[in-house]
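Undergrad: coordinates for the following, if possible.
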Amino acid sequence: MAALVRWQPYHEMVSLSDVMDRMLNRAFVRPFDAFDTASYWDGTRAMPIDVIEDKDGYTVKASVPGIKSEELDINIENNVVTIRAERKAEENKDEDTVRWQERYYGKLERCFTLPVEVDADKVKAELEHGVLKLSLPKAEAVKTKTIQVKAK
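TA: Just a heads-up that it's a prediction; the model follows:
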């Protein structure tokens, strides 16, 4: 059985008006947000990561182009992995004028929480071609153990 619902045209117009306001605000007041470039400047998108889990642990791959291994700081505390780095700006000559700059310079930091404990003493970190690879083995206490049952 179908129910009758009263049509309220004003209610529909308000939502359309809100959509138009947001669209015009993004296009003219904050034009760079329309291309989603502002979110790069917070440092989180400047260091994208992949986290892969297998039965023994996690592999984290972080893109850190232009960063040297000695400029990376990696901490693990209470299942929270923190990767920090700082990308130094290139110095230009006094007579040079920067016309466009999209590459991020400054401090980068990514923090994420792993669902289980890792063995911090066995963590390995490698940097190759601008990709940081962390191997984070799970702690022995959280690994799944299979127990065979013997029949009598």
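Undergrad: show me how the chain divides into domains.
TA: 9-42, 43-90+104-142 (automatic domain parsing).
Undergrad: check these for me: which has the lowest mean pLDDT.
TA: The minimum mean pLDDT among the domains of the chain belongs to domain 9-42 (a mean of 59).
Undergrad: chain center to stretch 128-144: distance?
TA: 17 Å (Cα atoms, centre = their mean, to the nearest Å).
Undergrad: pull out the buried positions in it.
TA: Residues of stretch 128-144 classed as buried: 132, 134, 136-138 (neighbour count, 16 or more other Cβ atoms under 10 Å). C-betas here are computed from N, CA, C, even on glycine.
Undergrad: what distance do you get for residue 134 to residue 99?
TA: Going from residue 134 to residue 99 by Cβ to Cβ, to the nearest Å gives 38 Å.
Undergrad: which of the domains of the chain sits most buried?
TA: domain 43-90+104-142 (a mean of 14; mean count of other Cβ atoms under 10 Å).
Undergrad: and the strands in the chain?
TA: For the chain, the strands defined by DSSP state E cover 49-53, 57-63, 73-77, 80-87, 106-113, 124-128, 131-137.
Undergrad: helices or strands up against the first one?
TA: The helices and strands touching strand 49-53, judged by 3 or more Cβ pairs under 8 Å, 6 or more residues apart in numbering; DSSP states H and E, are strand 57-63, strand 106-113.
Undergrad: now the last one
TA: Contact analysis of strand 131-137 by 3+ Cβ pairs under 8 Å, 6+ apart lists strand 57-63, strand 80-87, strand 124-128 as its packing neighbours.
Undergrad: same question, the fifth one
TA: Under the contact criterion of 3+ Cβ pairs under 8 Å, 6+ apart, the helices and strands touching strand 106-113 comprise strand 49-53, strand 80-87.
Undergrad: circling back to that earlier point, distance to residue 149 added to the domains of the chain, as a markdown table?
TA: Shown next, in a markdown table, are the domains of the chain (distance: least, Cβ to Cβ, whole Å):
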| stretch | distance to residue 149 |
| --- | --- |
| domain 9-42 | 53 |
| domain 43-90+104-142 | 21 |
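Undergrad: among the ones you listed, which is nearest residue 152?
TA: When these are compared by Cβ to Cβ, domain 43-90+104-142 sits nearest residue 152, at 30.1 Å.
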